[in-house]
Structures are given as structure tokens and as C-alpha cells.
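J.: Below is the sequence, then the predicted model.
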Amino acid sequence: PSLSGLSPVTVSQSDLQGLQQRLDRIKQQVSQANNVTQMVTLQDLIQSFITDVAAMQSALLPEQKQLQAQLDVLEPVAQDEVVLEKSEIATQRAAISEQKSKVDAALKTLTGLRDSAAGLLIQIAAIRRSLLESEMSLRASSVLSATFWTPLFNPPEDDVQRVRTFFQHVAAALAVAWLPGERLLTVALVILAFVLWTVGRRVTDRGLTWVCIHRMPEGRLRRSSLAFASVAATLLTTACAMALLFYALTRHIPLSPLMQSYSDEFEKVVYVCVLITGLSRALLSTQHPSWRLPAIADPVAQAIRPFPRLVAGVLLGLLTLVQVVNVTDMSGQAVLFARGFVSLVVTLLIGALFLRISKARRLVAAAGDHPPAHSAVASLLYAFACLCVIASLCALLIGYISAARFITYQLVWMFIILSGFYLLVQLFNDACE
């Protein structure tokens with residue numbers, strides 16, 4: 001065997017040093033983090049770090065096996081044959097042994113980094129639980145008190161300066177994309193992203209609907225496929241539009257750490273809002289009641305129709321502002337105000353939705369049309385959601401802002417998870433039938 005067939009070492013010493021520095025920076029951020037939101041971001045960074053380390057390990061393992069196989073071929077010669085062995089074979093064995101030692105050392109270092117990151121992930125989870133317990137038990141001002149609204153009407157000067165710094169970063173990022181000679185392309189890309197997000201979704205939805213109608217057998221499988229296609233079209237066009245928008249604004253230079261953190265959080269908020277509207281549109285199917293999967297009377301579905309888009313729009317607008325508070329590390333009073341205001345608005349919207357559902361069901365019953373009977377699980381979930389709304393309002397009134405925020409966010413996540421799970425289960429069952 002010759003060295004010409006060997007793969008080069010794919011992980012250099014500088015790569016390993018870069019990983020170590022990256023892990024050290026995350027550890028430093030963990031030591032400075034003081035709220036649950038920051039801990040969630042750091043957990044994502046650790047998960048990404050572990051994924052990168054695992055990818056490097058996977059790249060090195062085949063090379064390690066190849067080098068070991070070649071060493072097995074070049075077995076040490078017997079003592080009486082040493083004289084007959086030429087220097088070429090000895091040199092080759094030494095070179096392969098040296099290269100394998102480097103690969104072994106790199107794998108050992110990567111294993112240590114991965115173990116250290118996994119341990120840090122456990123520590124972050126423990127710190128996050130502790131912070132969450134502290135925040136949940138922390139009592140602040142009620143939403144009815146003037147103190148709660150102070151950050152809005154009389155913010156501290158330090159918070160004002162942090163907001164100014166944030167917008168300076170925004171201006172610096174936009175200035176590069178707005179340089180002479182780049183403005184036309186930037187405007188075209190932003191408009192294209194908006195068109196893709198709006199018109200593109202409708203076109204994609206209609207295309208997938210045509211495929212489902214003409215390629216799927218008539219029955220429940222077709223209905224499940226139509227609902228799934230609607231959600232897929234929404235997510236696909238949103239992903240393309242977001243990628244195009246970020247490319248338009250960041251195609252020349254990378255974002256600053258502050259703006260990168262904000263853009264990452266903004267992207268998460270966008271996908272949450274898109275899932276709310278996409279899943280609601282697919283399950284309600286107000287334009288085609290015969291395609292509707294859940295047993296919901298049409299008047300009730302029509303009554304629900306405007307609320308998902310309204311809740312998603314409010315969440316997008318408010319959480320976009322809340323992320324400014326989070327990434328700029330504003331005062332605790334500002335953080336509590338942001339959490340409380342979002343929780344108050346969203347809770348009131350969800351409460352209005354439940355009242356409208358009850359009113360629509362009563363009107364259906366009064367008209368002599370009995371609404372479809374719900375399963376026991378659906379009734380329990382509805383009752384649980386109503387209790388959560390009441391608990392959130394009570395928490396806001398007595399000053400447990402973080403507890404109200406936790407309840408509100410869990411309500412939103414519960415809708416997304418249960419709706420997505422219901423849609424996938426229906427699609428799987430109908431496909432099996």
C-alpha cells in the first residue's frame with residue numbers, strides 16, 4: 001500500500017482550537033445569563049456546537065479505520081527479517097502511524113469537547129429550571145398599577161440608550177445594503193420576498209391543492225392531504241421568503257453579534273406565527289367546509305376564522321419589540337412590562353375567541369341545528385384552555401407577570417403541537433386505510 005490513497009486529516013489543530021474557543025465563549029455567556037430567554041438561546045448554541053463536533057467525528061472515523069487497516073497490512077516483520085526490510089516499507093509504516101496518531105488525538109479532543117458540551121447542557125437545564133422557578137414565584141406590580149406602565153411612559157435613561165444603540169446597529173446593517181449601486185437590487189429582493197410570502201403562498205397552495213384533488217383517491221385521505229398541503233405551502237413559501245429577505249439585507253457583510261441574535265429570535269417568532277395561521281387555515285377550511293377534518297359546525301368555524309390571523313399578527317408585532325428588550329439586556333422592569341403586556345393582549349384575544357365560540361354554538365343550537373358532538377378529550381382540552389386563560393388574567397391582576405407569560409406561551413405552543421399532531425395522525429390513519 002502507498003500513501004497516495006490516504007485521505008488527508010480533515011480536522012486541523014486550528015479547527016480544534018476554534019471549537020475550544022467557541023465552547024469557552026458559550027461558558028462565559030452562561031455565567032453572565034440571568035433570565036430564561038437567554039438560557040434557551042444558549043441551549044440552542046450548545047446543541048449546534050454538539051452537532052458540529054459530531055460531524056467532525058463522523059468525518060474522521062472512516063479515516064481512522066482506513067489507517068488502521070493499512071497498518072494491519074504492514075505488520076511488523078520478524079526479527080530475522082529486519083535486515084531484508086527495505087527503508088521504503090519502514091518509512092511508510094512510520095508515516096501511517098504518525099498520521100493515525102494525529103487522527104486519534106483529534107478524535108480524543110473532539111470526544112472531550114463533546115462530553116464537556118453535554119455536561120454544560122445539563123448545567124444549563126438545571127439553571128434554567130432554577131431561573132424559571134424564581135421568575136414564576138416573583139411577584140411584581142399588577143397590570144392595573146401605574147408602576148407597571150412606567151417603562152412605557154417614563155423609561156430609564158439607560159434603557160433609552162440601549163434602544164438607541166440597537167437602532168444604530170440596525171442602521172449600520174441597512175446602510176451597507178443601501179449603498180449606491182445596491183439600492184435597486186435590495187428593493188427588488190425585498191419586494192420579491194414579500195410577493196413570495198403573500199402571492200407565492202396562494203399560488204403554491206393552489207398548485208398543491210390541484211395535485212391532491214387530481215392525484216389522491218376521493219375520501220378522507222384526500223381531505224387530510226389537502227390540509228397537510230396547505231400547511232406545507234405556508235411553511236415552504238415562508239422559508240423561501242425569509243431566506244431571500246436575509247440575503248437582501250446581509251449579502252455583503254455578516255451581521256453584528258447583537259443583530260445576529262435579534263435576527264435568529266425574529267425568525268423563530270415568524271415561524272411560530274406562520275404555524276398558527278397555517279394550521280388554523282388548514283383545520284378550519286372555511287372556504288371549503290367539505291374539506292374540514294375536525295367536527296366543527298360551519299358557523300362556529302366562520303366565527304373562529306379571523307382570530308388566528310389576528311393573534312398571529314399581534315404576536316409578530318409585539319414579540320418583535322420584546323426581542324429588542326431581550327437582546328439589548330434592558331432593565332428588569334422593562335422586561336416585566338414587555339412580558340406582561342404581551343400576555344395581557346394575547347390572553348384577552350384568546351378569551352374573546354372562547355366567548356365567540358360559545359356564542360356561535362348557542363346560536364347554532366337556537367337555530368335547531370345541533371352542533372357536532374366533541375370527544376371527551378376535546379372537551380377536556382377546551383375546558384383546560386379556558387382555565388388557563390382565567391389563571392393568566394388572575395396572575396396579571398395580582399402581579400405574577402412571569403407566571404402569566406408562561407401560561408400564555410404554553411397555550412400558544414399547546415395549540416401548535418396538538419394541531420400539528422392531530423393533522424399528522426389523521427393523515428397517517430387515512431393513508432393506512
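T.: Received, thanks.
J.: which SSE is the closest residue to residue 35 other than its chain neighbours in?
T.: Leaving aside its chain neighbours, residue 35 sits nearest to residue 131 (6.3 Å; criterion: CB to CB, 6 or more residues apart in numbering). In short, each C-beta sits where N, CA and C put it, glycine included. Using DSSP states H and E, residue 131 sits in helix 87-137.
J.: Now do the next helix or strand after that helix: everything it contacts.
T.: Next in sequence after helix 87-137, counting helices and strands by DSSP H and E, comes helix 150-153. Contact with helix 150-153 is made by 159, 331, 333, 334, 337, 341, as judged by CB atoms under 8 Å, 6 or more residues apart in numbering.
J.: wait, the first one sits on residue 330?
T.: Yes - the criterion here is CB atoms under 8 Å, and residue 159 meets it with residue 330 at 4.7 Å.
J.: quick one: which of those two has more around it?
T.: Counted by other CB atoms under 10 Å, residue 159 and residue 330 do not tie: residue 330 has more neighbours, with 23 against 18.
J.: Could you look up the SS state of that one?
T.: coil (DSSP: H, G, I helix; E, B strand; the rest coil).
J.: returning to that earlier point: can you give me the offset of the helix holding residue 131 from its chain's centre?
T.: 26 Å (CA atoms, centre = their mean, to the nearest Å).
J.: for that helix, packing partners?
T.: helix 13-32, helix 36-73, helix 401-432 (3 or more CB pairs under 8 Å, 6 or more residues apart in numbering; DSSP states H and E).
J.: a markdown table for these, including distance to residue 353, mean pLDDT and mean neighbour count?
T.: Listed next are the helices and strands packed on helix 87-137 as a markdown table, based on distance: least, CB to CB, whole Å; pLDDT from 0 to 100; neighbours: other CB atoms under 10 Å:
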| stretch | distance to residue 353 | mean pLDDT | mean neighbour count |
| --- | --- | --- | --- |
| helix 13-32 | 39 | 86 | 14 |
| helix 36-73 | 26 | 82 | 16 |
| helix 401-432 | 11 | 91 | 17 |
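J.: out of those, which comes closest to residue 169?
T.: For the helices and strands packed on helix 87-137, the distance to residue 169 is smallest for helix 36-73, at 17.3 Å, taking CB to CB.
J.: could you give the angle of the closest one to helix 13-32?
T.: In terms of direction (axes from the mean of the first three to the mean of the last three CA atoms, to 10 degrees), helix 36-73 departs from helix 13-32 by 150 degrees.
J.: Off-centre distance for helix 36-73?
T.: Helix 36-73 sits 22 Å away from the centroid of its parent chain (CA atoms, centre = their mean).
J.: For the stretch 51-200 of the chain, which residues score under the pLDDT cut-off?
T.: Scanning the stretch 51-200 of the chain for pLDDT under 70 picks out 74-88.
J.: quick one on the thing from earlier: turn the helices and strands packed on helix 87-137 into a markdown table, including distance to residue 298.
T.: Shown next, in a markdown table, are the helices and strands packed on helix 87-137 (distance: least, CB to CB, whole Å):
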| stretch | distance to residue 298 |
| --- | --- |
| helix 13-32 | 52 |
| helix 36-73 | 40 |
| helix 401-432 | 19 |
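J.: The ones you listed: which one's closest to residue 212?
T.: Ranking the helices and strands packed on helix 87-137 by proximity to residue 212 (CB to CB) places helix 401-432 first, at 11.2 Å.
J.: Report pLDDT for residue 247.
T.: Per-residue confidence (pLDDT) for residue 247: 90.
J.: out of everything not next to it in sequence, what's closest to it?
T.: Distances taken as CB to CB, 6+ apart put residue 189 closest to residue 247, at 6.8 Å, once the chain neighbours are dropped.
J.: For the one you found, give its distance to residue 93.
T.: Distance of residue 189 to residue 93, computed by CB to CB, to the nearest Å: 57 Å.
J.: Please apply the same query to residue 107.
T.: Distance from residue 107 to residue 93, by CB to CB: 21 Å.
J.: Is residue 304 in contact with residue 358, as I believe?
T.: No - counting by CB under 8 Å, residue 304 does not reach residue 358; the two are 11.6 Å apart.
J.: now residue 293, what's its secondary structure?
T.: Classification of residue 293 using three-state DSSP returns coil.
J.: Quick one: residues contacting residue 230.
T.: 205, 208, 209, 278, 281, 282.
J.: Now it. Nearest residue, chain neighbours left out?
T.: Nearest to residue 230 is residue 282, by CB to CB, 6+ apart, at 4.1 Å.
J.: how about the helix or strand that neighbour falls within: buried residues?
T.: Assessed by DSSP H and E, residue 282 sits inside helix 257-284. Within helix 257-284, the residues scored as buried using 16 or more other CB atoms under 10 Å are 258-259, 261-263, 265-267, 269-284.
J.: tell me which strands and helices it is in contact with?
T.: helix 36-73, helix 157-177, helix 220-250, helix 298-304, helix 306-327, helix 401-432.
J.: Just give me how far the third one sits from the chain centre.
T.: The chain centre lies 15 Å from the centre of helix 220-250; the measure is CA atoms, centre = their mean.
J.: Now do that helix against helix 257-284: the angle between them, please.
T.: Going by the same axes, to 10 degrees, helix 220-250 is angled at 160 degrees with respect to helix 257-284.
J.: Show me the shaky parts of the stretch 251-400 of the chain.
T.: 369-375.
J.: check contacts around the residue nearest to residue 230.
T.: Residue 282 sits in contact with 226, 227, 228, 230, 231, 423, where contact means CB under 8 Å, 6+ apart.
J.: ok, 7 Å please
T.: Counting by CB atoms under 7 Å, 6 or more residues apart in numbering, residue 282 touches 227, 230, 231, 423.
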